[in-house]
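Asker: Sequence and predicted structure are below.
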Amino acid sequence: MASLAQYVYFSPDRFGPNESQPPQGMSAASGSPAMPHPAQDASPGELRKGLTQAQVEQLFGPPIDSHDVTEGSLSKTVATYQNAKETLKAQFVNGVLVEYTTSSR
C-alpha cells in the first residue's frame, strides 16, 4: 500500500493508518475508500505513473486487451494498448496507472 500512497488515497476508516494523503480540496473524513490522485507536474501527452485510465486511453486509444485481477484486497486492471510505434502493458489500481512497460512494435 505504501508504494501506491503517492497515487491513491486509502481511507484510514477502511484500510487503517497509512501514508496516503487525500487529494487537494478533500478532507480525510469525506474521502472515498480509495480515490486516485490526479497526475501533476508533467507535460501533456507524456506517459507516466499517476495518469488515470482515461488519460492513458487519450494517448493510446482503447485497449486491445483488458482484464481484472485481485492481489490481496486490491483489484487491479491489466490492459494492453498499441499504437503505430509501441505496445504498452499497463496496470491500474482504482483507475490510476501504477506500473507499465513499453516495447517497440
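Answerer: In hand now; what should we look at?
Asker: Assess the claim that residue 60 and residue 84 are in contact.
Answerer: No - Residue 60 lies out of contact with residue 84 (C-beta atoms under 8 Å); the separation is 10.5 Å. For glycine as for every other residue, the C-beta is placed from the backbone atoms N, C-alpha and C.
Asker: Let me see the contact set for residue 62.
Answerer: Counting by C-beta atoms under 8 Å, 6 or more residues apart in numbering, residue 62 makes contact with residue 81.
Asker: In the chain, what residue spans correspond to helices?
Answerer: Using DSSP state H, the helices found in the chain span residues 12-15, 53-60.
Asker: So between residue 60 and residue 84, which is more surrounded?
Answerer: Per other C-beta atoms under 10 Å, whichever of residue 60 and residue 84 has more neighbours is residue 60, with 20 against 5.
Asker: For the closest residue to the more buried one other than its chain neighbours, name its beta-bridge partners.
Answerer: In space, and not counting its chain neighbours, residue 60 is closest to residue 81: 3.7 Å by C-beta to C-beta, 6 or more residues apart in numbering. Applying DSSP bridges to residue 81 gives these bridge partners: residue 88.
Asker: residues contacting residue 81?
Answerer: Residue 81 sits next to 56-57, 60-64, 87-88, 90 when contact means C-beta under 8 Å, 6+ apart.
Asker: How about residue 63: what's its closest non-neighbour residue?
Answerer: Nearest non-adjacent residue to residue 63, counting by C-beta to C-beta, 6+ apart: residue 79, 4.0 Å away.
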